[in-house]
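Chemist: coords please:
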Amino acid sequence: SAQRDFTDVRDVIAAYALIAERRLPTGIYNICSGQPRRVEDILQFLLRQAKVRIDVEVDPGRLRPSDVPFFVGSAEKLRAVTGWRPQRDFQASLVETLDWWRAQ
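Modeler: Just a heads-up that it's a prediction; the model follows:
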C-alpha cells in the first residue's frame with residue numbers, strides 16, 4: 001500500500017539535459033512526477049496486462065516495516081526555471097516496459 005512518485009526515465013533524462021544546458025540558480029531540483037502512485041495499484045495494472053496467470057505471494061521477510069508509507073516529490077522549482085514537466089503517460093510507460101521484457 002506504499003505510495004511512491006514514479007517518473008519515466010526518458011522524462012528524467014530530458015530534465016537532466018535541461019539542467020546541464022542551462023545555467024540554473026544554485027540549489028536542489030527534484031525531478032519527479034508529483035503524483036503519488038500506490039505500488040499495489042501498479043502491481044494490479046501489470047497483472048491485468050499479463051498474458052499468463054500470475055499468483056502473487058507476499059514474502060514477509062522482504063517487507064520493510066520502517067518503510068515510508070508515502071513519498072512524493074515536487075518539481076515546482078525545476079518547472080519554474082525550465083518549464084520541464086513529465087511528458088510520458090505512466091501506464092503507457094508500464095506497458096512499454098512490460099513489452100520490452102516480453103521481447104527479451
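
Chemist: residues near W84, how many?
Modeler: By the measure other CB atoms under 10 Å, the count of residues near W84 is 19. (Each C-beta comes from the backbone N, C-alpha and C, glycine too.)

Chemist: for it, what are phi and psi?
Modeler: With angles defined as degrees, to the nearest 10, W84 sits at phi -60, psi 140.

Chemist: and it, what is it in contact with?
Modeler: Counting by CB atoms under 8 Å, 6 or more residues apart in numbering, W84 touches 14-15, 18, 31, 75, 78.

Chemist: how about a cut-off of 7 Å?
Modeler: 14-15, 18, 78 (CB atoms under 7 Å, 6 or more residues apart in numbering).

Chemist: so it versus D67, what's the distance?
Modeler: Note on W84: its distance to D67, by CB to CB, to the nearest Å, is 29 Å.

Chemist: do the same with Q35
Modeler: Distance, Q35 to D67, using CB to CB: 19 Å.

Chemist: how about V9?
Modeler: In terms of CB to CB, V9 sits 23 Å off from D67.

Chemist: who's more crowded, Q35 and D67?
Modeler: Using other CB under 10 Å, the more surrounded residue of Q35 and D67 is Q35, with 14 against 8.

Chemist: how many neighbours does the closest residue to the more buried one other than its chain neighbours have?
Modeler: Residue nearest to Q35 in three dimensions, not counting chain neighbours: D5, with 6.5 Å by CB to CB, 6 or more residues apart in numbering. Each residue near D5 was counted by other CB under 10 Å, and the total is 18.

Chemist: any idea what D5 is bridged to?
Modeler: D5 has these beta-bridge partners by DSSP bridges: P36.

Chemist: low-confidence ranges in this protein?
Modeler: Where the chain drops to pLDDT under 70, the residues are 66.
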